[in-house]
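Participant: Coordinates only, no sequence provided:
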Ligand code: FAD
């Protein structure tokens, strides 16, 4: 179902319709800091003041022209300079998608992405913080790990993301569980074929546990990114079993999801980081958040149905009826 939804959502007409819905804007606001850097800095400052740390994502992916890739790299450089100026880099790093830096450009896409990623890593180094390479669909994994290897020769703290949904990932975890290696473990948010990924969620979860064991037993710095509280518990148990200090691993969650649990974990002494996206190019991120939780999708569908019914009855377009319905279901969607 998530695979089908992501495929449909990424077709041009559906993308245009979903983007134009006022309700989409309201849902998106839950998941992102805002549309510009100033909003992102303000939210970052607030989260750090609460004892959390942050990884900032400049929204944008699947860039199809060199100028777009260069502009995205520049946006990250500006962000890192602003984080340094505002004294926030002790608690804030950046997350970067290589497809935003030109990875998919024909011919030398990987080299272009590497060049831009190296500029961002240099900016992170001079700002006194780190960067992590997000992981996208399975066709990009070898290229992304290749860029990671190159970057780590000069910037060994550049982080990687591995997805337990992919059959290859346990092996990748073994390869990357080395001293100083920062690895974020996620389940995976992309529609993938069964030839490379586990189609059933219980298998993805079981693979996550196996990867967790490998990373926690290894010599690297595991970044355990999940809202699945059973897995959060498993991570904490493994950290204790392997004698890991608070400084040797962390938990990560997405902005707008399970925020109460996140704060409770921080209060309980766990190092916690929030993944905080911002920008105007939010569509891809938004539909992945819809696809991974049926309640989010049902919320959108119920709203659309309510909107249609009220339009049909009154002929007045977006009436108060749909607003009432949206307010009610918004509360449902917020209940993680
Ligand atoms: P699930 O079993 O999907 O969810 C567990 C519970 O969390 C759900 O029952 C629900 O209560 C809550 N929940 C989960 N998702 C939502 C949602 N969208 N809305 C509301 N509640 C929700 N994926 C990649 O492919 N590449 C990346 O680089 C990447 N980076 C990430 C960085 C961070 C910090 C995090 C937390 C996730 C990242 N992801 C990435 C997404 C990840 O792959 C999953 O799609 C996502 O985290 C949902 O999986 P889960 O582990 O929370 O478990």
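Facilitator: Sure thing, it's come through. Quantities reported herein were computed from a predicted structural model and do not represent experimental measurements.

Participant: For stretch 222-230, measure first residue to last.
Facilitator: Using CA to CA, to the nearest Å, the end-to-end distance of stretch 222-230 comes to 17 Å.

Participant: what mean pLDDT does that stretch have?
Facilitator: On average, the pLDDT along stretch 222-230 is 98.

Participant: Repeat that for stretch 48-59.
Facilitator: 97.

Participant: for stretch 189-208, same thing?
Facilitator: Rounded mean pLDDT across stretch 189-208 is 97.

Participant: Could you pull out the buried residues of that stretch?
Facilitator: Residues 189-192, 197-198, 204-205, 207-208 are the ones in stretch 189-208 that count as buried (16 or more other CB atoms under 10 Å). Placement of C-beta: from N, CA and C, glycine included.

Participant: now do stretch 10-29
Facilitator: 18, 23-24, 27-28.

Participant: Which of these fall within helices?
Facilitator: 18, 23-24, 27-28 (DSSP state H).

Participant: With distance to the ligand and pLDDT as added columns, please give those residues in CSV.
Facilitator: What follows is these, written out as CSV (distance: CB to the nearest ligand atom, whole Å; pLDDT from 0 to 100):
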residue, distance to the ligand, pLDDT
18, 15, 75
23, 15, 75
24, 14, 78
27, 10, 80
28, 12, 85
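
Participant: I'd like those written out as TSV, with distance to residue 222 added.
Facilitator: Formatted as TSV, these follow (distance: CB to CB, whole Å):
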residue	distance to residue 222
18	35
23	37
24	34
27	31
28	30
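
Participant: Show me which of those is closest to residue 119.
Facilitator: Using CB to CB, residue 28 comes nearest to residue 119 of those, at 28.6 Å.

Participant: Show the low-confidence segments of the stretch 201-336 of the chain, by residue range.
Facilitator: The stretch 201-336 of the chain contains residues with pLDDT under 70 at 304-336.

Participant: May I have the residues that are in contact with the residue of the stretch 1-150 of the chain found nearest the ligand?
Facilitator: Taking CB to the nearest ligand atom, the ligand has its nearest neighbour within the stretch 1-150 of the chain at residue 134, 3.5 Å off. By CB atoms under 8 Å, 6 or more residues apart in numbering, residue 134 lies in contact with 57, 95-98, 161.

Participant: Among those, name the ones that also lie close to the ligand.
Facilitator: residue 161 (CB under 6 Å from any ligand atom).

Participant: Next, give me the two most distant ones among the contacts of residue 134.
Facilitator: Maximum distance among the contacts of residue 134 (CB to CB): 12.6 Å, for 57 and 98.

Participant: Contacts only, for residue 61.
Facilitator: If you count contacts by CB under 8 Å, 6+ apart, then residue 61 has 97, 99-100, 136, 281, 284-285 around it.

Participant: at 6 Å what do you get?
Facilitator: Contact partners of residue 61, counting by CB atoms under 6 Å, 6 or more residues apart in numbering, are 97, 99-100, 284.

Participant: Distance of residue 148 relative to residue 118?
Facilitator: 12 Å (CB to CB, to the nearest Å).

Participant: same check, this time on residue 15
Facilitator: 32 Å.

Participant: Torsion angles phi and psi at residue 181?
Facilitator: phi -80, psi 120 (degrees, to the nearest 10).

Participant: Surely it is in contact with residue 219?
Facilitator: No - using CB atoms under 6 Å, residue 181 is not in contact with residue 219, being 7.7 Å away.

Participant: between those two, which one's more packed in?
Facilitator: Counting neighbours by other CB atoms under 10 Å for residue 181 and for residue 219 shows that residue 181 has the greater number, 21 against 11.

Participant: Apart from its neighbours in sequence, what residue is nearest the residue of the stretch 1-150 of the chain closest to the ligand?
Facilitator: residue 97 (4.6 Å; CB to CB, 6 or more residues apart in numbering).

Participant: ok, how many other residues are close to the one you found?
Facilitator: By other CB under 10 Å, neighbour count at residue 97 equals 25.

Participant: surely residue 253 meets residue 262?
Facilitator: Yes - Residue 253 lies in contact with residue 262 (CB under 6 Å); the separation is 5.1 Å.

Participant: which stretches of the stretch 201-336 of the chain form strands?
Facilitator: 221-225, 250-254, 272-278 (DSSP state E, counting those that start in this stretch).

Participant: can you put these in JSON lines and add distance to residue 34?
Facilitator: Output for those, formatted as JSON lines (distance: least, CB to CB, whole Å):
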{"stretch": "strand 221-225", "distance to residue 34": "22"}
{"stretch": "strand 250-254", "distance to residue 34": "15"}
{"stretch": "strand 272-278", "distance to residue 34": "6"}
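
Participant: burial count for the nearest residue to residue 65 once chain neighbours are set aside?
Facilitator: Distances taken as CB to CB, 6+ apart put residue 105 closest to residue 65, at 7.7 Å, once the chain neighbours are dropped. Per other CB under 10 Å, the neighbour tally for residue 105 reads 19.

Participant: Tell me the spacing between residue 105 and residue 147.
Facilitator: Distance from residue 105 to residue 147, by CB to CB: 14 Å.

Participant: Equivalent analysis for residue 115, please.
Facilitator: 10 Å.

Participant: So for the two, which sits in the more crowded spot?
Facilitator: A direct count of neighbours by other CB under 10 Å for residue 115 and residue 147 places residue 147 higher, at 26 against 16.
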